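the sequence and its predicted three-dimensional model are supplied below.
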Amino acid sequence: MDFKIAVLAGDGIGPEISVQGVDVMTAVCEKFGHKVSYEYAICGADAIDKVGDPFPEATYEACKNADAVLFSAVGDPKFDNDPTAKVRPEQGLLAMRKKLGLFANIRPVQTFKCLVHKSPLKAELVDGADFLCIRELTGGMYFGEKYQDNDKAYDTNMYTRPEIERILKVGFEYAMKRRKHLTVVDKANVLASSRLWRQIAQEMAPQYPVL
């Protein structure tokens, strides 16, 4: 197979990480007989410094035309320590998620026996751990209406049914391939948005029966 990968090295340790990531991906593709090519693009603070936009159009086009995106990191202390900054590196990450429809973050959690003794948790708690954390990325507080002045600020935490259904579908489908157990984490006793999450999760659950 032929793969085209967009490489977004970003900021801080990002460029250092991306070099190793490219080396690993190249080695894996060579081992299994695949061809891989890379297109490098700017994002984050690096892109702000160069073109004034944390996710410029050229970077979006590179990502859109690739089979996958190898993204490292964005952020810079000069923005972290300036709450008045109107353009921020993290806006590039959010723009990438929104424009490319990257609504599901899949984070596997596994332990290696040779490293269990390094865990701050008791060995019997972490030994053999194997689960997935699935996080919604394009709705809620990060993308809701925002306001800030010198005395007041708010971020609106809004979700729609389609946004909730599609991420729950991802969660249920992964669960059915594994141990057929899905835990939906919410704060339904306080947040109306969480109550909608729980309602929709309960509505969808019968579609994924535990055998």
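Happy to help now that I have it.

residue ranges in this structure under the pLDDT threshold?
211 (pLDDT under 70).

show me what the longest strand along the chain is packed up against.
Counting by DSSP state E, the longest strand found in the chain is strand 2-10. On a contact count with 3 or more Cβ pairs under 8 Å, 6 or more residues apart in numbering; DSSP states H and E, strand 2-10 meets helix 14-31, strand 35-41, helix 44-51, helix 57-64, strand 68-73. (Glycine included, C-beta is placed from N, CA and C.)

name the residues that touch it?
14-15, 17-18, 21-22, 25, 29, 34-46, 59, 62-63, 65-75, 89, 96 (Cβ atoms under 8 Å, 6 or more residues apart in numbering).

that one pairs with which strands, parallel or anti?
strand 35-41 (parallel), strand 68-73 (parallel) (DSSP bridges).

pretty sure residue 198 sits against residue 185.
No - checked against Cβ atoms under 8 Å, the pair residue 198 and residue 185 is beyond contact range at 10.2 Å.

which of those two has more residues huddled nearby?
residue 198 (14 against 9; other Cβ atoms under 10 Å).

that one: which element?
Using DSSP states H and E, residue 198 maps to helix 192-204.

list the contacts of that helix.
If you take Cβ under 8 Å, 6+ apart as the criterion, helix 192-204 is touched by 140, 157-159, 161, 164-165, 168-169, 172, 184, 186-188.

run the last query once more with 10 Å
136, 139-141, 144, 156-161, 163-165, 167-169, 171-172, 182-189, 191 (Cβ atoms under 10 Å, 6 or more residues apart in numbering).

who touches residue 78 in this structure?
Going by Cβ under 10 Å, 6+ apart, residue 78 touches 45, 48-49, 85, 89.

of these, closest to residue 102?
For the contacts of residue 78, the minimum distance to residue 102 (Cβ to Cβ) is 17.2 Å, reached by residue 89.

about what we covered before: mark which of the contacts of residue 78 are buried, thanks.
Among the contacts of residue 78, the ones that count as buried by 16 or more other Cβ atoms under 10 Å are 45, 48, 89.

what sits closest to the second one if chain neighbours are left out?
Nearest residue to residue 48 in three dimensions, chain neighbours excluded: residue 54, at 5.4 Å (Cβ to Cβ, 6 or more residues apart in numbering).

go on, the first one?
In space, and not counting its chain neighbours, residue 45 is closest to residue 76: 3.7 Å by Cβ to Cβ, 6+ apart.

and that neighbour, what does it touch?
10-12, 44-46, 48-49, 82, 85, 88-90.

pretty sure the residue nearest to residue 48 sits against residue 89.
Yes - between residue 54 and residue 89 there is a contact at 5.3 Å, judged by Cβ atoms under 10 Å.

which neighbours do the two have in common?
Taking Cβ under 10 Å, 6+ apart as the contact criterion, the common neighbours of residue 54 and residue 89 are 10-11, 43-48, 74, 79.

could you count how many residues lie near the nearest residue to residue 104 once chain neighbours are set aside?
Spatial nearest neighbour of residue 104, excluding adjacent residues (Cβ to Cβ, 6+ apart): residue 170 at 4.8 Å. Residue 170 is flanked by 16 other residues according to other Cβ under 10 Å.
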